[in-house]
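Peer 1: Need a 3D model of the following:
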Amino acid sequence: MTEILVIGGGIAGTATALALHKAGFGVTVYEAHPESALDIGAFLTLASNGMRALAQIDASTAVTEVGFPLRSMSVLDAAGTEVAQMPLGEAHDPLLAYRCLRRGEFNAALQAEATRRGIGLRRGTRLASVEDGPDGVTARFTDGSAATGDLLIGADGLNSTVRESIAPEAQPCFAGESVFYGYASEAPLVAETGRFTMVRGGAAAFGCAVSPGGETYWFARVAGAPLSADDIAHGTPGHWRGLLVPLLRGDATPAADVVAATTDRIMVTNATEIPAGTPWRHGRTLIIGDAAHTASPATGQGASMALEDAVVLAKSLRDAPDTESALSLYEALRRPRVEHNITISGKISRGFHTPSRTARTAPAPRPGDGDLLRHLEWDIDISTVAEGSSAAAAGAGGRDAG
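Peer 2: From the prediction side, this is the model:
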């Protein structure tokens with residue numbers, strides 16, 4: 001394999017390009033957005049698993065130059081009473097601390113790092129179709145240009161054109177709530193910088209963090225019917241404030257005051273998920289990140305899971321004996337973990353699963369947590385790790401049967 005095409009220059013696509021480049025593959029990223037990524041999206045949090053993945057592709061420094069660390073989380077009930085407080089991240093290593101970032105700044109930092117390493121990044125190139133053949137895969141773009149490679153990675157997000165070519169029947173589903181994001185410069189101080197505050201309110205879930213500059217980053221998740229595309233496109237900050245503040249005023253928490261202090265920077269989206277079991281690959285084409293496993297944002301793992309994808313895919317292609325084996329290995333390692341995240345996050349969004357209001361420890365482990373360090377550790381052969389995991393699982397199954 002000499003050349004890999006990555007469709008989509010967002011977080012998943014650019015991180016994958018960085019990982020593939022480190023593994024020794026030639027890679028070019030094709031991004032539909034014509035400009036830099038600075039104005040794309042709201043904010044996100046990266047958990048320690050995502051930060052660990054970044055460290056494996058030597059991108060920690062580029063990312064820690066934007067955003068700010070989160071060291072603890074405080075959980076409030078609807079009465080404003082703190083019911084739990086817990087540390088975030090791995091305190092022994094500052095590179096593994098949770099981080100709060102504006103999505104666009106994070107994306108731009110990754111793109112700048114890719115450019116610095118000499119990775120090709122073609123902006124303003126929107127995919128039209130994919131043609132998979134025995135000797136290569138060709139991407140055709142709406143401007144009439146085309147590119148051919150040995151493998152095509154679709155990292156083109158929720159409305160993926162690459163996924164449409166693999167599994168046209170797999171359509172994103174509404175996950176039961178709308179999500180609002182905003183930034184307030186003059187909001188009342190909720191907590192010191194470095195602490196994430198989560199409110200389990202009566203009418204909405206609310207979370208916020210205060211930047212070192214005193215700006216409050218916040219979100220609110222509101223259950224109900226999906227907002228129409230027209231509402232989302234034309235809703236004003238005043239309209240969204242008018243909707244949210246009365247809902248939040250029912251609780252004795254700072255949430256309503258934070259939203260009321262937000263003047264002009266509120267965005268909204270419907271929580272969406274990709275059905276479990278969606279095909280990820282066909283021939284020389286594979287989808288990753290949100291294109292393959294979008295989950296509602298309730299668990300806050302979307303970006304971190306995409307970064308894990310990047311490292312595991314690059315290592316699989318590096319260590320497996322051939323491309324087919326590599327893609328099979330990648331899917332076997334990733335599907336249980338990311339689909340568990342879709343399920344849990346969707347249950348939270350639909351109100352079927354409520355995170356503990358009193359637990360002062362980390363949440364229950366996800367599938368793959370026990371092997372994640374070895375899956376991500378760059379210098380460990382991932383095919384050997386996978387064989388060891390399979391053998392251990394088979395041995396445990398034999399003991400149980402006896």
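
Peer 1: how long is stretch 178-193 end to end?
Peer 2: This stretch, stretch 178-193, spans 27 Å end to end (CA to CA, to the nearest Å).

Peer 1: Residues in contact with that stretch: which ones?
Peer 2: Residues from elsewhere that reach stretch 178-193 (CB atoms under 8 Å, 6 or more residues apart in numbering): 42-43, 68, 74, 197, 208-212, 214-222, 224, 226-227, 237, 240, 244, 254, 257-259, 261-263, 265-271, 297. Glycine gets a C-beta too; all of them are placed from N, C-alpha and C.

Peer 1: what about the residue nearest to Pro279 when sequence neighbours are not counted, neighbour count?
Peer 2: With CB to CB, 6 or more residues apart in numbering as the criterion, Pro279 has its nearest non-adjacent residue at 4.3 Å, and that residue is Ala167. A count of nearby residues for Ala167, using other CB atoms under 10 Å, gives 20.

Peer 1: Does Ala167 touch Gly277 like I think?
Peer 2: No: at 9.6 Å, Ala167 does not count as touching Gly277 under the criterion of CB atoms under 8 Å.

Peer 1: Run through the strands of the stretch 151-300 of the chain in chain order.
Peer 2: Remark: strands assigned in the stretch 151-300 of the chain by DSSP state E, counting those that start in this stretch are 151-154, 173-184, 195-200, 205-210, 216-223, 266-273, 281-282, 285-287.

Peer 1: Mean confidence (pLDDT) on the longest helix seen in the chain, please.
Peer 2: The residue-count maximum for a helix in the chain (DSSP state H) belongs to helix 323-349. The average pLDDT for helix 323-349 rounds to 96.

Peer 1: tell me the angle it makes with strand 216-223.
Peer 2: With axes from the mean of the first three to the mean of the last three CA atoms, to 10 degrees defining the directions, helix 323-349 sits at 80 degrees from strand 216-223.

Peer 1: Beyond helix 323-349, next helix or strand please.
Peer 2: Tracing the chain past helix 323-349, the next element assigned as helix or strand by DSSP states H and E is helix 369-376.

Peer 1: so what secondary structure elements neighbour that following helix?
Peer 2: Where contact means 3 or more CB pairs under 8 Å, 6 or more residues apart in numbering; DSSP states H and E, helix 369-376 is packed against helix 48-56, helix 302-319, helix 382-401.

Peer 1: hang on, the earlier thing: closest one to Ser48 among the strands of the stretch 151-300 of the chain?
Peer 2: strand 195-200 (13.5 Å; CB to CB).

Peer 1: Just the buried ones from the contacts of stretch 178-193?
Peer 2: Burial by neighbour count, 16 or more other CB atoms under 10 Å: within these this picks out 42-43, 68, 74, 197, 208-211, 215-222, 226-227, 240, 244, 254, 257-259, 261-262, 266-271, 297.

Peer 1: and the angle from the longest helix of the chain to helix 48-56?
Peer 2: 150 degrees.

Peer 1: Just the buried positions in helix 323-349, please.
Peer 2: Per 16+ other CB under 10 Å, helix 323-349 contains these buried residues: 323, 326-327, 329-331, 333-335, 337-342, 344-349.

Peer 1: One more: stretch 269-287?
Peer 2: Judged by neighbour count (16+ other CB under 10 Å), stretch 269-287 contains these buried residues: 269-275, 278, 280-281, 283-287.

Peer 1: For that stretch, measure first residue to last.
Peer 2: Using CA to CA, one end of stretch 269-287 lies 23 Å from the other.

Peer 1: Now do it, average pLDDT.
Peer 2: 96.

Peer 1: How about stretch 256-266?
Peer 2: Mean predicted lDDT for stretch 256-266 stands at 93.

Peer 1: Tell me where this structure is predicted with low confidence.
Peer 2: Residue ranges of the chain with pLDDT under 70: 1, 36-41, 91, 353-366, 387-402.

Peer 1: make it 90
Peer 2: Within the chain, the set of residues satisfying pLDDT under 90 comprises 1-2, 34-42, 62-65, 89-95, 133-135, 186-191, 201-202, 263-265, 351-371, 384-402.

Peer 1: thinking again about what came up before, can you put the strands of the stretch 151-300 of the chain in TSV and add distance to Ala306?
Peer 2: Converted to TSV, the strands of the stretch 151-300 of the chain look like this (distance: least, CB to CB, whole Å):
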stretch	distance to Ala306
strand 151-154	12
strand 173-184	17
strand 195-200	20
strand 205-210	20
strand 216-223	19
strand 266-273	15
strand 281-282	17
strand 285-287	11
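
Peer 1: quick one: which of the ones you listed is nearest Thr64?
Peer 2: Per CB to CB, nearest to Thr64 of those: strand 205-210, 15.9 Å.

Peer 1: Mind giving me the packing neighbours of that closest one?
Peer 2: Strand 205-210 packs on strand 195-200, strand 216-223, helix 255-260, going by 3+ CB pairs under 8 Å, 6+ apart.

Peer 1: Just checking: what are the partner strands of it?
Peer 2: For strand 205-210, the paired strands and their directions (DSSP bridges) are strand 195-200 (antiparallel), strand 216-223 (antiparallel).

Peer 1: In CSV, could you pull the C-alpha coordinates for the shortest one?
Peer 2: Looking back up the chat, that one is strand 195-200. What follows is strand 195-200, C-alpha atoms only, in CSV (Å, rounded to 0.1, in the frame of the first residue of the first chain):
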residue,chain,number,x,y,z
ARG,A,195,-13.9,22.3,37.1
PHE,A,196,-16.8,21.0,34.9
THR,A,197,-20.2,21.5,36.5
MET,A,198,-23.0,19.2,35.5
VAL,A,199,-26.6,19.9,36.5
ARG,A,200,-29.1,17.1,36.6
